[in-house]
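Asker: with the input below, show me the fold.
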Amino acid sequence: QQQQQQQQGGEEAAAAAAAALAEPGSVAWSAAAARPGIPFALRLLTSLSSGHTPTAAALAADVPHLLPLLHLLEGTAGGSTLTPLAESCLEAVAAAGDQTAAAAVADLRAATAAAMKARAAKKREALLASMGMVAVEADTAAGGGFKIVPSPAGVPALSPLAAELAALATAESDDDSSGAACMVCREGYSLQPNTLLGIYCYSRVAAAAEWPGCSPPWSLPYNLLFTTVSHFNAIHVSCHAAAKSADAALRQPKREWQGATLRNGNVLCNALLPLAAPAAAADTAYAAAVATHWQQLLQAPSASEQAAAAADRRGSGGGTGSGSTVSVGLSRRTVAFREADNSLLRVSLTAADMATLLQRFSNGLSFSDEARGGGRSSNARLLLALLQLGRYYVTAAAASELQEAQQLLTKAATAAAALGLEFAPTADAAAGEGGSSSNGQGSNKQAVGSSSSTVMLSKDALSDVCGSAVFVLCLSLLMSSPGEWMSARRSMLAVAVKHGMQHRITTVHSSSSARSSTAADSDISISSRKESDDALAAAVAGLTDVQLFEAAAPTVRLFALVDWLQQWAKPALTAASSSSGWSGAMSDRLKDFHACSEAAGDMLEYLDEVEGAVGLQDLLDTAGLLGLVLGVEGVGSCGGFVRRACGGG
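Answerer: Residues are numbered from 1 along each chain as shown. Prediction:
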């Protein structure tokens with residue numbers, strides 16, 4: 001009994017200590033947050049939790065006070081140093097695969113969001129009450145929502161000032177909830193519709209070999225591309241310029257991105273990606289900001305240059321985490337990109353950037369290792385911002401400048417026939433399908449199928465398409481009309497699956513060749529030329545159902561994300577949007593920040609559902625692709641579709 005009392009007393013003391021620590025601003029909190037070991041502990045917890053389900057489960061179950069503390073730290077209570085580290089740790093715990101831990105993180109964030117909304121509502125109610133006003137629910141005939149009326153208790157008539165203040169409070173709340181408020185002046189497009197916003201992001205240059213399938217089949221300068229991540233902190237372009245001038249005027253001046261990194265919560269940044277404003281008056285400012293972003297992108301470092309800069313900054317080196325290095329210096333890279341600059345290059349690099357971001361989502365790769373911050377939520381928003389940038393480049397280009405990209409999409413749209421998954425369409429039918437995109441551009445810039453009468457791909461052409469499969473999917477997001485995408489879905493899925501299986505099997509083969517082979521490795525290796533279709537078909541034929549699922553799952557998840565984005569970003573035309581076509585409707589949707597914020601959350605929920613699949617058929621069914629796969633004549637199973645896609649070339 002004495003031992004039980006002692007144990008109970010210890011538990012009560014621990015609970016009391018935890019309660020004292022869970023009060024941001026208290027002496028105990030400040031002392032604990034100032035300990036030098038906290039940042040290292042957060043990084044260690046993040047590393048231990050990443051991809052390791054038992055660790056995440058233990059953190060949620062055995063240390064009940066830890067997740068709430070991390071959630072407090074990822075808010076303003078964490079300060080500029082601990083906030084991004086705590087967010088990354090919670091992202092790792094949520095993505096580790098334990099449903100209980102993921103639900104606990106989601107519940108904490110949902111509760112905080114609800115509490116913030118409740119506080120905002122009380123503050124608004126108190127403000128209105130002080131002026132004798134009250135917000136009441138409007139009837140359906142008046143359009144729903146709320147309206148401001150004199151308080152039943154009394155007194156002053158409806159004041160224009162009261163209505164204006166209430167509208168400003170609502171606009172500020174809307175900006176905060178959508179994540180589109182400037183971190184300096186705390187105002188967004190609701191309050192300043194003509195003042196351009198941008199987001200701090202971190203870009204680096206990478207060799208195309210580091211991101212297989214993410215580069216186009218045509219040449220890029222030194223075969224390089226860019227990969228970008230972000231914590232999605234917004235700032236007005238004008239506020240950034242003012243802060244830059246202020247940093248330069250200090251007694252100890254700061255360089256542009258040194259000051260920006262401090263404003264960004266110590267998350268690295270080296271570019272300001274503009275976000276197009278809903279107001280047409282800001283279009284000129286957006287074009288100028290895009291030109292500035294392009295010049296910033298050309299100064300992006302390579303992984304080795306980033307590691308060297310980090311060593312100079314902290315006195316410690318860091319590995320690049322990649323087997324592919326960039327050997328070309330910054331000045332030579334910049335000159336090469338500027339000499340090759342045209343619309344096709346900019347569209348290609350933006351599509352490749354989107355492709356690397358989608359690879360991170362589908363393969364569970366880190367978003368925060370390079371920039372020291374940013375998780376799935378912030379980078380889901382970044383993906384939509386890059387989609388907006390890519391659409392700008394496409395609509396600004398002449399039809400002849402993107403002819404090579406149009407031809408690539410034409411080839412990809414007929415790949416299913418070349419792989420034996422569809423009957424080859426006639427030339428007339430292919431040309432007819434291509435014309436459906438004319439309403440996107442007026443000049444038929446995205447007429448994917450109208451420029452070619454060839455409908456059966458050669459092996460070389462099919463190899464080019466499959467070798468750039470992820471790039472092709474992102475290019476279709478930028479250029480294909482909704483009708484073209486729907487007619488090409490099976491071909492695009494087949495191309496993506498073939499590329500993914502080829503990459504997975506050759507990777508396993510390379511790994512097994514570098515060490516002593518095991519029985520498991522020998523089951524999924526290629527004994528002859530890895531590029532050979534016959535060798536690929538033979539290797540895939542030898543896979544078990546479990547191995548087939550594990551090899552194909554990342555690619556299917558990536559395709560599912562693209563398919564989801566195609567449907568969300570290109571909504572059905574209404575009477576109001578029919579005049580501008582699907583391109584105008586897509587532009588309007590991407591300019592709607594509240595819709596983009598909700599879409600980013602919906603996309604991640606969809607990805608969570610897809611990641612929870614336990615087999616290939618379950619995965620395709622959850623992704624809404626089962627009918628597309630089983631609708632192929634002679635294919636009786638999902639595994640049969642994958643095997644035919646890999647052996648039909």
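
Asker: over to the nearest residue to residue 569 once chain neighbours are set aside. Which of the three states is it?
Answerer: Among residues not flanking residue 569 along the chain, residue 586 sits closest, at 5.4 Å (CB to CB, 6 or more residues apart in numbering). All C-beta atoms are positioned from the backbone trio N, CA, C, and that covers glycine. Assigned by DSSP: H, G, I helix; E, B strand; the rest coil, the conformation of residue 586 is helix.

Asker: you'd agree residue 586 is up against residue 572?
Answerer: No: in this structure residue 586 lies outside contact range of residue 572 using CB atoms under 8 Å: 11.6 Å.

Asker: of those two, who's got more company?
Answerer: residue 586 (25 against 9; other CB atoms under 10 Å).

Asker: now that one: how far from residue 550?
Answerer: 35 Å (CB to CB, to the nearest Å).

Asker: ditto for residue 265
Answerer: Residue 265 is 37 Å from residue 550, by CB to CB.

Asker: which one of these two has more residues nearby?
Answerer: residue 265 (23 against 14).

Asker: which ones are touching the more buried one?
Answerer: Residues counted as contacts of residue 265 (CB atoms under 8 Å, 6 or more residues apart in numbering) are 80, 83, 84, 231, 233, 373.

Asker: hey, C-alpha coordinates of the helix or strand harbouring the fourth one in PDB?
Answerer: Using DSSP states H and E, the secondary-structure element containing residue 231 is strand 224-236. Coordinates of the C-alpha atoms in strand 224-236 are reproduced here as PDB (Å, rounded to 0.1, in the frame of the first residue of the first chain):
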ATOM      1  CA  LEU A 224      19.700  20.100 -64.500                       C
ATOM      2  CA  LEU A 225      16.300  20.900 -62.900                       C
ATOM      3  CA  PHE A 226      15.100  22.700 -59.700                       C
ATOM      4  CA  THR A 227      13.400  21.300 -56.700                       C
ATOM      5  CA  THR A 228      11.500  23.500 -54.200                       C
ATOM      6  CA  VAL A 229      10.100  23.200 -50.700                       C
ATOM      7  CA  SER A 230       8.400  25.800 -48.500                       C
ATOM      8  CA  HIS A 231       7.000  26.500 -45.000                       C
ATOM      9  CA  PHE A 232       4.400  28.600 -46.800                       C
ATOM     10  CA  ASN A 233       4.900  31.800 -44.900                       C
ATOM     11  CA  ALA A 234       3.300  34.600 -46.900                       C
ATOM     12  CA  ILE A 235       4.600  38.200 -47.200                       C
ATOM     13  CA  HIS A 236       3.700  41.100 -49.400                       C
END
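
Asker: off-centre distance for that strand?
Answerer: 10 Å (CA atoms, centre = their mean, to the nearest Å).

Asker: elements contacting the helix or strand that that strand is followed by?
Answerer: Downstream of strand 224-236, the first helix or strand assigned by DSSP H and E is helix 237-248. In terms of contacts (3 or more CB pairs under 8 Å, 6 or more residues apart in numbering; DSSP states H and E), helix 237-248 is packed against strand 197-207, helix 256-263, strand 271-275.

Asker: who wins for proximity to residue 613 among the ones you listed?
Answerer: Ranking the helices and strands packed on helix 237-248 by proximity to residue 613 (CB to CB) places strand 197-207 first, at 29.9 Å.

Asker: quick check: mean pLDDT across the closest one?
Answerer: If you average the pLDDT over strand 197-207, you get 95.

Asker: could you check the angle that strand makes with strand 224-236?
Answerer: Going by axes from the mean of the first three to the mean of the last three CA atoms, to 10 degrees, strand 197-207 is angled at 160 degrees with respect to strand 224-236.
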